[in-house]
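[1] next come a sequence and a model predicted from it.
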Protein chains: 2
Amino acid sequence: MTKAACIGGGVIGAGWVARLLLAGVDVDVFDPSPEAERVVGEVLANAERAITRLVDAPLPQRGNLRFAASLEEAVSGAGLVQESVPERLDLKHRVLQAIDVAAPADAIIGSSTSGLLPSDLQQGMTHPERLVVAHPYNPVYLLPLVELVGGQQTSAETITRATEIYLHLGMKPVIIKREIEAFVGDRLLEALWREALWLVNDDIASVTDIDDVIRYSFGLRWAQMGLFQTYRIAGGEAGMRHFLHQFGPALEWNWTKLMDVPDLNEALIDRIASQSDDQAEGRGIRELERIRDDNLVAITRALAAQQGGAGWGAGALLRQHEQALRDGAARHADPADLLTLTSGNVPEEWIDYNGHMTEHRYLEVFGYTTDALLEEIGVNADYVASGRSYYTVETHIMHLGQAIAGDSYVTTTQILSADDKRLQVFHSILNRETQELLATAEQMLLHVDSNAAKATPAPEAIMRRVTELARTHSALPRPDSVGRHVGQRRS
Amino acid sequence: MTKAACIGGGVIGAGWVARLLLAGVDVDVFDPSPEAERVVGEVLANAERAITRLVDAPLPQRGNLRFAASLEEAVSGAGLVQESVPERLDLKHRVLQAIDVAAPADAIIGSSTSGLLPSDLQQGMTHPERLVVAHPYNPVYLLPLVELVGGQQTSAETITRATEIYLHLGMKPVIIKREIEAFVGDRLLEALWREALWLVNDDIASVTDIDDVIRYSFGLRWAQMGLFQTYRIAGGEAGMRHFLHQFGPALEWNWTKLMDVPDLNEALIDRIASQSDDQAEGRGIRELERIRDDNLVAITRALAAQQGGAGWGAGALLRQHEQALRDGAARHADPADLLTLTSGNVPEEWIDYNGHMTEHRYLEVFGYTTDALLEEIGVNADYVASGRSYYTVETHIMHLGQAIAGDSYVTTTQILSADDKRLQVFHSILNRETQELLATAEQMLLHVDSNAAKATPAPEAIMRRVTELARTHSALPRPDSVGRHVGQRRS
């Protein structure tokens, strides 16, 4: 898909625009509101900041953004048309029918509606089979979930194609089998919201208390496992049935509050707004947005490091997306040159108090580069599992330049020398845009029997590849800093 | 507080035992069940594994665990008595009254009850003023929240003292102003749980779908900001009032499902249990517990790295706790010796595919050690903000031993040479228990004008301290590997 159209440019629409552009898709926006360009610009700036810190893989060239003069112009040539206009059925009918008439025959039409049923939205469309509800969560450029809900006339092919499209954008499509108002996520949120309003209304707890209860207990749990899996574990070896039998009686308790709808009158609104101001502790909305996004990036990357690097939950999704991006990026294949094994973007948590990429993160990148080199020569997961590996025994790092958050980097690797046990390598990290040399690492690796924890000759298959690379690289210029000791005078 | 008593040793009671022991408090447990020792042992093993990966600060000496022969023996000499027996008012009355009679006069009595009111629990106690509900969340050794709820007879002093006790254990006490069944957290969970049961009952979504909706959207949000703060940001510059006015009408919608209690009959139980089995994908409970704990540790540490290292939410709480632990730990103060500037435990996410602490984490520890050295010589946050700092320009690392997850480490630092611009240092990382030398780093630091990005002489105040340390350290043996280049033959 090379082009998408976003109809409606509010916070949700703008979030879609950002996610699509950063995935390399050209986007035409149509929204009659004079605020649309400003909102899209602000959301896009937040999104760029977040994505370069989230995704440690080469990002595709950003798509082109255009504000179309009409809906028809916007949807022309689009593979996906995402509708995000206000929640009014009559308005959505007009817009969806206009999209339906003007969009290419093979376009998918996704509606961001949070509460209207797809079967109702489909009324009056000529090609209702291509409409699907695709409901995202704010911030759309960062939270992965998109609920996919087909209406009675939605085709199975539409669901399949929509799933692929949103997966390609790094999202997590969850197909909701049967349509119901507010689908799943917002129904769950609504139930909890009502109870929370009662608690504030009855002065049981303040807005800060309730939020702290959430983010210091089940909020932490739910970033990685949901309600049911959490309870399964709580049921212990006795299992889910045991848990449910224990829990069953509690449902009969007199939870009177849950039966009623609180009166969201001015007095309650004032109380909530005032407690919310206290909670904000003077931070403005922009600042809170940035903190939120940095936290979400950090949490996602933390989950991505789990399970031996394969990731868990939203982290596993990120890892799969990064791999897809790497597979799609051009690899420097000329065997007569230095290897370019890794590239990525500098995430926020790599930044130290000097405002620069911190020392040990350079070694982290060098470490990934060595891992990639080892894969190249056949030292993969199976080889390591067989009880042999290469260990790094010595490293000499030169810090030459600085990198800041969001900078794009690339590495080069040269084999300096090799025998049946030793592998001496030289890595460089460069700023991908400016080609500025940021740091170098000369390393000595030793081939070991990991169980015996001692050096041992590498087998033929590995040595064949090592020797081939070493011979090629010996023809290349040898970096000046090879063989330096700390504090040695520069020549 | 040197000793606590835990009455009741199920999952919650055992979680309290673990948290207390790992905080250095002796614990006597009383539970007539023959399963108690096994459960406590299993939970404690999980807790030790998690805490050594979570807390990057020296942990106190573990407290002594004893299984008492009677309740009276258990509570003797205890500063805190935590009651975690089954949720039956008659049983809790008997137990709390027995505790009340036997516990020291100044002991605080905390009840882990999830649904009974403190005012009801207090009935029949001689000293009801010292009873407070202290309701935790599973896993108690890892989730920070404890809801503190006083009964009508609970004194203000009890609330204050209880808050201090639980803070000291690394927890987040949230005082709930007015008592109500299930307090805050469980009421919110109950509301959401009912809606989730309806969705499974009506076949709108499976257990896996619902959990994925949670952990790929608002679950991620709520690990760092709660319901109300999330909505405040969504309201944008127009604010909370705007959001509430927009949201208000939705509450009037016909959310019929929320009004009723679903019938948790055998058919529904079977459906949930079966879908839960599918979701587990063959993983046993122990494995799921470990994954959960590793994820929670990673998320908390990710939040701890935010806000320039001061942390956010549960991460900020961890940072404060780590600082308190460091303040409490003995510092090697002998000026005639090497500086011992940092220590900690190897967290799970530092482990590579070889099962060992990965290369770049050594440099991370060396980096913290350098930061601590710089603080020692007066290069603190204010100094850096004044536009000067020390940058590392060259590093030589020797990898000599291996560390695994949970290992305890300590560093030593020697100044090798110094002039007005250059500072040459030698760090070592040792296994704290075995004193095995794991790695060394020789580094050259340069004093710079950060704005001009060039070297500049350090001021008198800094040089005074540097020269003093350098002179002391010059009397110490110089490590053999000083001045090595990569691949140099060992002498």
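    Yep, that arrived. On a predicted model such as this, the values are computed, not experimentally measured, just so you know.

[2] by mean pLDDT, flag the weakest helix or strand of chain A.
    For chain A, counting by mean pLDDT, DSSP states H and E, helix A:256-259 ranks last in confidence among helices and strands (a mean of 51).

[3] tell me which element the most centrally placed residue in chain A is part of?
    Residue closest to the mean C-alpha point of chain A, counted by CA atoms, centre = their mean, is A:L318 at 4.9 Å. In the assignment (DSSP states H and E), A:L318 maps to helix A:314-328.

[4] buried residues, the helix or strand just after that helix. List them.
    Sequence order places strand A:343-345 as the next helix or strand after helix A:314-328, per DSSP H and E. Buried residues in strand A:343-345, counting neighbours by 16 or more other CB atoms under 10 Å in any protein chain shown, are found at A:S343, A:G344, A:N345. Heads up, the C-betas are built off the backbone N, CA and C, glycines and all.

[5] quick check: of those, which lies closest to chain B?
    Nearest to chain B out of those is A:G344 (CB to the nearest CB; 14.3 Å).

[6] residue contacts, that closest one?
    A:V55, A:D56, A:A57, A:P58, A:V365, A:S408, A:Y409 (CB atoms under 8 Å, 6 or more residues apart in numbering or on different chains).

[7] other SSEs contacting the helix holding A:L318?
    helix A:285-304 (3 or more CB pairs under 8 Å, 6 or more residues apart in numbering or on different chains; DSSP states H and E).

[8] what about the helix it packs on, near chain B?
    Yes. Applying CB under 8 Å from any CB of the partner chain, one finds helix A:285-304 touching chain B at A:285, A:288-289, A:291-292, A:294-296, A:298-303.

[9] same question, stretch A:183-190
    Yes. Stretch A:183-190 reaches chain B (CB under 8 Å from any CB) through A:V184, A:G185, A:R187, A:L188, A:L189, A:E190.

[10] possible to save the residues you listed as JSON lines with pLDDT and neighbour count?
    Output for those, formatted as JSON lines (pLDDT from 0 to 100; neighbours: other CB atoms under 10 Å in any protein chain shown):
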{"residue": "A:V184", "pLDDT": "96", "neighbour count": "25"}
{"residue": "A:G185", "pLDDT": "96", "neighbour count": "24"}
{"residue": "A:R187", "pLDDT": "93", "neighbour count": "25"}
{"residue": "A:L188", "pLDDT": "95", "neighbour count": "24"}
{"residue": "A:L189", "pLDDT": "94", "neighbour count": "23"}
{"residue": "A:E190", "pLDDT": "89", "neighbour count": "23"}
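
[11] need those residues in CSV (columns: secondary structure).
    Conversion of the residues of stretch A:183-190 next to chain B to CSV gives the following (DSSP: H, G, I helix; E, B strand; the rest coil):
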residue, secondary structure
A:V184, coil
A:G185, helix
A:R187, helix
A:L188, helix
A:L189, helix
A:E190, helix
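
[12] didn't A:K92 look like it was pressed against A:Q122?
    No. Using CB atoms under 8 Å as the test, A:K92 is too far from A:Q122 to be in contact (10.5 Å).

[13] pLDDT below threshold where in the stretch 351-491 of chain A?
    Scanning the stretch 351-491 of chain A for pLDDT under 70 picks out A:490-491.

[14] so which residues on it come close to chain B?
    Contacts of the stretch 351-491 of chain A with chain B, taken as CB under 8 Å from any CB, map to A:352-354, A:358-364, A:366-367, A:381, A:384, A:389, A:391-399, A:402, A:417, A:422, A:424, A:442-444, A:450, A:453, A:482-488.

[15] go again using 6 Å as the cut-off
    For the stretch 351-491 of chain A, the contact set with chain B under CB under 6 Å from any CB of the partner chain comprises A:354, A:359-360, A:363-364, A:367, A:389, A:392-399, A:424, A:442, A:444, A:483-487.

[16] which of those residues count as buried?
    Neighbour counting by 16+ other CB under 10 Å classes A:359-360, A:363-364, A:367, A:389, A:392-399, A:424, A:442, A:444, A:484-487 among these as buried.

[17] next one: phi and psi at A:W222?
    phi -80, psi -10 (degrees, to the nearest 10).

[18] contacting residues for it?
    Contacts for A:W222 (CB atoms under 6 Å, 6 or more residues apart in numbering or on different chains) come out as B:I214, B:R215, B:G219.

[19] before we move on, what about A:L244?
    B:I269.

[20] secondary structure class for it?
    Here A:L244 is helix, with the state taken from three-state DSSP.

[21] domain ranges for chain A?
    Domain ranges of chain A: A:3-183, A:186-282, A:330-473, per automatic domain parsing.

[22] for A:L59, what is the enclosing helix or strand?
    According to DSSP H and E, A:L59 maps onto no helix or strand at all.

[23] give me the pLDDT for the spatially closest residue to A:A23 that is not a sequence neighbour.
    Nearest residue to A:A23, sequence neighbours excluded (CB to CB, 6 or more residues apart in numbering or on different chains): A:L169, at 4.9 Å. Looking at A:L169, its pLDDT is 94.

[24] just checking, A:L169 touches A:L22?
    No. A:L169 is beyond contact range of A:L22, at 8.8 Å (criterion: CB atoms under 6 Å).

[25] please report the distance of A:E179 from chain B.
    A:E179 sits 8 Å away from chain B, going by CB to the nearest CB, to the nearest Å.

[26] wait, isn't that residue in contact with A:G115?
    No. Look at A:E179 against A:G115 with CB under 6 Å: they stay out of range, at 11.2 Å.

[27] of all the residues of helix A:285-304 next to chain B, which two lie farthest apart?
    Within the residues of helix A:285-304 next to chain B, two members stand farthest from each other by CB to CB: A:I285 and A:L303, at 26.7 Å.

[28] so these two - more neighbours on which side?
    More neighbours surround A:L303 than the other of A:I285 and A:L303, with 28 against 16 (other CB atoms under 10 Å in any protein chain shown).

[29] could I have the helix or strand containing A:H360 exported to CSV, CA atoms only?
    Under the criterion of DSSP H and E, A:H360 resides in helix A:359-376. The C-alpha trace of helix A:359-376 is given here as CSV (Å, rounded to 0.1, in the frame of the first residue of the first chain):
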residue,chain,number,x,y,z
GLU,A,359,28.8,5.3,27.1
HIS,A,360,27.6,1.9,27.8
ARG,A,361,25.0,2.1,25.0
TYR,A,362,27.8,2.3,22.5
LEU,A,363,29.0,-1.0,23.8
GLU,A,364,25.5,-2.3,23.6
VAL,A,365,25.4,-1.4,19.9
PHE,A,366,28.9,-2.9,19.4
GLY,A,367,27.5,-6.0,21.2
TYR,A,368,24.6,-6.4,18.8
THR,A,369,27.0,-5.8,15.9
THR,A,370,29.3,-8.6,17.2
ASP,A,371,26.2,-10.8,17.6
ALA,A,372,25.3,-10.1,14.0
LEU,A,373,28.9,-10.9,12.8
LEU,A,374,28.7,-14.2,14.7
GLU,A,375,25.4,-15.0,13.0
GLU,A,376,27.1,-14.2,9.6
